[in-house]
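>>> Give me the fold of what follows.
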Amino acid sequence: MDRAVTASIDAGLASPEPDQTVLVAESAEGEGLGFVHLHAATDFHTGERHGHVSDIVVAPAAEGRGVGAALMAAAEDWGRAHGFRLLSLHVFGANQRARALYERLGYRLDIVKMIKTLR
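Predicted coordinates for the structure are as follows:
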């Protein structure tokens, strides 16, 4: 995690708002396996409020064990409980493993962000 992610999660835990949460996955022994940080967002183009996955992290030792899928299922339940029609997330283009998971779960491409380094 980078500093921006850590700061965002710290702020959410320090003063939680009604439309945000952090859900944690633990083993039967209480070992932390991962977490998902969620909040409500408003689509810039449509004005529709929806759920957004800010961050999802799976511990290296828990990778490949279904933790990410379980966290995403919990995120979707949270979104439904809040009455949202959509759940959005951002993923880096090169993160093929995460993209494959999201696609298996039914997520589809919406907006592509393009950047160019200026010198």
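>>> name the element the residue most central in space within the chain belongs to?
What sits nearest the mean C-alpha location of the chain, by C-alpha atoms, centre = their mean, is residue 53, with 2.8 Å. According to DSSP states H and E, residue 53 maps onto strand 49-58.
>>> Show me the contact partners of that strand.
1, 5, 8-9, 12, 25, 33-43, 67-68, 71-72, 75, 78-79, 82, 84-89 (C-beta atoms under 8 Å, 6 or more residues apart in numbering). (C-beta placed from N, C-alpha, C; glycine too.)
>>> now with 7 Å?
With contacts defined as C-beta atoms under 7 Å, 6 or more residues apart in numbering, strand 49-58 is touched by 1, 5, 8-9, 33-43, 67-68, 71, 75, 78-79, 82, 84-89.
>>> Could you check how many residues crowd around residue 76?
17 (other C-beta atoms under 10 Å).
>>> Tell me the confidence at the residue nearest to it when sequence neighbours are not counted?
Once flanking residues are discounted, residue 76 sits nearest to residue 87: 5.8 Å by C-beta to C-beta, 6 or more residues apart in numbering. Residue 87 is assigned 98 on the pLDDT scale.
>>> So for the strand holding residue 53, mean pLDDT?
96.
>>> counting contacts, what elements does the helix or strand just after it pack onto?
Using DSSP H and E, the helix or strand that directly follows strand 49-58 along the chain is helix 67-81. Judged by 3 or more C-beta pairs under 7 Å, 6 or more residues apart in numbering; DSSP states H and E, helix 67-81 is in contact with strand 20-26, strand 32-42, strand 49-58, strand 87-89.
>>> Figure out which of these is closest to residue 110.
strand 87-89 (7.3 Å; C-beta to C-beta).
>>> Of all the residues in that closest one, which ones are buried?
For strand 87-89, the neighbour count (16 or more other C-beta atoms under 10 Å) marks 87, 89 as buried.
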